[in-house]
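# fold the following.
(one chain, ligands or ions: 2)
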Amino acid sequence: MLRVKKIKAGYDQVPVLFDVSFDISVGELVSIVGSNGAGKSTILRTLSGIIKPMAGEIEFMGERIDTLPSHKIVQKGIAHVPEGRHVFGKMSILDNLLLGAYTVKSDTIDKTLREVYEIFPRLKERAHQKAETLSGGEQQMLAIARGLMSCPKLLLVDEMSLGLMPILVDKVLHILKEISRRGMTVLLVEQKVQEALEIADRGYVLQTGRIVLRGTGEELLNSDLVKKAYMGI
Ligand SMILES: Nc1ncnc2c1ncn2[C@@H]1O[C@H](COP(=O)(O)OP(=O)(O)OP(=O)(O)O)[C@@H](O)[C@H]1O
Ligand SMILES: [Mg+2]
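Residues are numbered from 1 along each chain as shown. Ligands and ions are numbered 1, 2, ... in the order given. Below you'll find the model as predicted:
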């Protein structure tokens, strides 16, 4: 579904990603893990067209997308849930969700909303409250739910765990797994290496802008590199 080939990308002509290649098949949950500043968010920004790669190619559903503007990439079916949630606090939860559906035909919005409420019953209960009244974990769920409202083929999720208590990290990651089980293809980038690999079908380890290891979630969890560098074993 997604094929990233030798991407070089960065800011103001200074690359922070070097020769990054990976792929995702339909229905997979793939995690890219790495420490602060490794370049995880930059990968997602490059996929969603916010920054343009200096070299390399990105193919989605058999078509080059790295030259397209962001809004065209959204229309192709890629939704990006950015780091830091960015929900609109003064707007209701329902209005936040409807914003996510701005590219979707109106007759499918009700159906999608029902599905999203099934996954996130809390958001249904609170649909008419302001988003700022939600807890951090609930706001993270709203950000993901808003991404789902665009009926994407591929959901990009940046740092689900940011600022959440450990118990909530497990909860939101579990929900992501559930979304994946329902058939969504998901790319998660995470600093919480162990948790993100535990739920992943496959994963990649990113260090200072380079992919240094790839494998199934289990293979990576059992690798010396992951154990030493990220789990302190
Ligand atoms: N807007 C920007 N302008 C210039 N440099 C940036 C910008 N955003 C990120 N960088 C740099 O690019 C590198 C990779 O950053 P990126 O945000 O992709 O890392 P990350 O893996 O997402 O980190 P974190 O886990 O802290 O979110 C870092 O060295 C960072 O300082
Ligand atoms: Mg980041």
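# which helix or strand in this structure has the lowest average pLDDT?
Least confident helix or strand, the chain: helix 166-181 with a mean of 87, by mean pLDDT, DSSP states H and E.
# buried set for it?
The neighbour-count check on helix 166-181 (16 or more other Cβ atoms under 10 Å) flags 168-170, 172-173, 175-177, 179-180 as buried. Bear in mind the C-beta positions are built from the backbone N, C-alpha and C, glycine included.
# which residues does it contact?
Outside of helix 166-181, the residues within contact range by Cβ atoms under 8 Å, 6 or more residues apart in numbering are 27-29, 119-120, 136-137, 140-141, 144, 148, 155, 157, 160-161, 164, 186, 188, 192, 195-196, 198-199.
# taking those one by one, which sit in strands?
Counted as lying in strands by DSSP state E, out of the contacts of helix 166-181, are 29, 155, 157, 186, 188.
# got those residues as JSON lines, with neighbour count, distance to ligand 2 and pLDDT columns?
Converted to JSON lines, the ones in strands among the contacts of helix 166-181 look like this (neighbours: other Cβ atoms under 10 Å; distance: Cβ to the ion, whole Å; pLDDT from 0 to 100):
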{"residue": "Leu29", "neighbour count": "24", "distance to ligand 2": "19", "pLDDT": "97"}
{"residue": "Leu155", "neighbour count": "23", "distance to ligand 2": "16", "pLDDT": "96"}
{"residue": "Val157", "neighbour count": "27", "distance to ligand 2": "11", "pLDDT": "95"}
{"residue": "Val186", "neighbour count": "24", "distance to ligand 2": "17", "pLDDT": "97"}
{"residue": "Leu188", "neighbour count": "30", "distance to ligand 2": "12", "pLDDT": "97"}
